Structures are given as structure tokens and as C-alpha cells.
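Undergrad: I'd like to go over a predicted model; first the sequence, then the structure.
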Amino acid sequence: MTVFANRRPRGVPYGRAMDIRRIVPDLHTSDPERARAFYAGLGLAPVMDHGWVVALAPPGATSPQLMLMTRDASAAVDPDVSIEVSDVDAAYAAMTQAGAPVVHEIRDEPWGVRRFFVRDPDGHVVNVLGHR
């Protein structure tokens, strides 16, 4: 999916087109094993597991995905949704230029992503990331 500058939502400044690679809901859980078992009943299996976060997808596929997390490993807040973009630095520039509150500064994470968190107008925390 590509977001084009001429089809922007109200209040969002014009900018260059940005490729969205995927959007994944981040569900918070206090019991990861119980949650994994529940979603296994719907046919989802782990495709990534860092202990604190597990990505689930249909067997043999990497998408669609659902994230289960206990808490974020490097941020003081937990995201509600993750959006993977083609150029995370451009996304960061667009969000800061628009005045969106950044709640986790852009950084390279040890698990191979570059990311930042921004709060949307309704208070949801969005993890904007790109794989390195």
C-alpha cells in the first residue's frame, strides 16, 4: 500500500509517497503461553519469538501477523499497533514535522529494526519501524 500526498487525511501535511509494508496489531498479554494456545486454536503459529514479543501467522506464511507482547523491551511505553514502512527516517521526519508526539525516539534496536513510537490523535501508541 502506498500513501500518496494528494490523498492525505485532514490536518496531515503534504509529503512524499511512502510505502507501507505491513500493519500489525500489538496485543498485550500477561500470560503469553495462554494467549499462544488460544491463537493456535485459530490456526496461528509463532514466526518470531523474542520472549517478550511473539509474532503469530498462519503456518507456512509470514503474513498476516498478530503480535503478542508482555512489555516492550526498550521503550517506556507499549505500542498498540506496528506499521512497517520502507523509509523509517522519512516517516520520523514527517511525523515530527507534523507535530506528532514522539514517545520513543528513533533508534536501531538489537533485534534488527530501526524504529520510533508516536502517539496518534486518539492516544494510541504507534510503533513505526523498518528492518535493517
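TA: Structure received.
Undergrad: In space, not sequence, find me the middle residue of this protein.
TA: S82 (1.2 Å; C-alpha atoms, centre = their mean).
Undergrad: next helix or strand past the helix or strand encompassing it?
TA: Element membership for S82 (DSSP states H and E) is strand 81-85. Counting by DSSP H and E, the next helix or strand C-terminal to strand 81-85 is helix 88-97.
Undergrad: so that next one versus strand 81-85, what angle?
TA: When axes from the mean of the first three to the mean of the last three C-alpha atoms, to 10 degrees is applied, the directions of helix 88-97 and strand 81-85 differ by 120 degrees.
Undergrad: same question for helix 88-97, mean pLDDT?
TA: Per-residue pLDDT values over helix 88-97 give a mean of 96.
Undergrad: now do stretch 115-132
TA: On average, stretch 115-132 scores 96.
Undergrad: ends of it, how far apart?
TA: 10 Å (C-alpha to C-alpha, to the nearest Å).
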